[in-house]
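Participant: Below is the structure, and that's it, no one-letter string:
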């Protein structure tokens, strides 16, 4: 394991950690994260077997600020308290 390259957004809300020294193809080498530290932070972990275009697509989706459809009943109360819930109106 290691050395690592770590990049964090200027506002500290997202980042990536890349293990640039691992020779093990099954070792976790890329960690993408978004949100505050703790159990409610979004994380995606990849090995060096993961194609780079899939890591790039995941990073783009993870950082996309567009709203995501969620149902109030499907959210844990702790997450609902952190979410900005906006009711949908039919067209």
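Facilitator: On my side now, so go ahead. Source: prediction; values computed, not measured.
Participant: Pull out the buried positions in the top helix by length along the chain.
Facilitator: Longest helix of the chain, by residue count under DSSP state H: helix 52-63. Buried residues in helix 52-63, defined by neighbour count with 16 or more other CB atoms under 10 Å: 55, 59, 62. Just so you know, the C-beta spots here come from the backbone N, C-alpha and C atoms, and that holds for glycine as well.
Participant: what's that helix packed up against?
Facilitator: Applying 3 or more CB pairs under 8 Å, 6 or more residues apart in numbering; DSSP states H and E, we find helix 52-63 packed against strand 14-19, strand 28-34, strand 42-47.
Participant: Tell me which of those strands lies nearest to residue 85.
Facilitator: Taking CB to CB, strand 42-47 is the member of these nearest to residue 85, at 17.4 Å.
Participant: Just checking: what are the partner strands of the closest one?
Facilitator: Here strand 42-47 has these sheet partners by DSSP bridges: strand 28-34 (antiparallel).
Participant: How far off centre is the strand it pairs with?
Facilitator: Distance of strand 28-34 from the chain centroid (CA atoms, centre = their mean, to the nearest Å) equals 8 Å.
Participant: buried residues in that strand?
Facilitator: Residues 29, 30, 31, 32, 33, 34 are the ones in strand 28-34 that count as buried (16+ other CB under 10 Å).
Participant: farthest pair in these?
Facilitator: Greatest spatial distance among the buried residues of strand 28-34 (CB to CB): 29 and 34, at 18.5 Å.
Participant: Alright, calling it a day.
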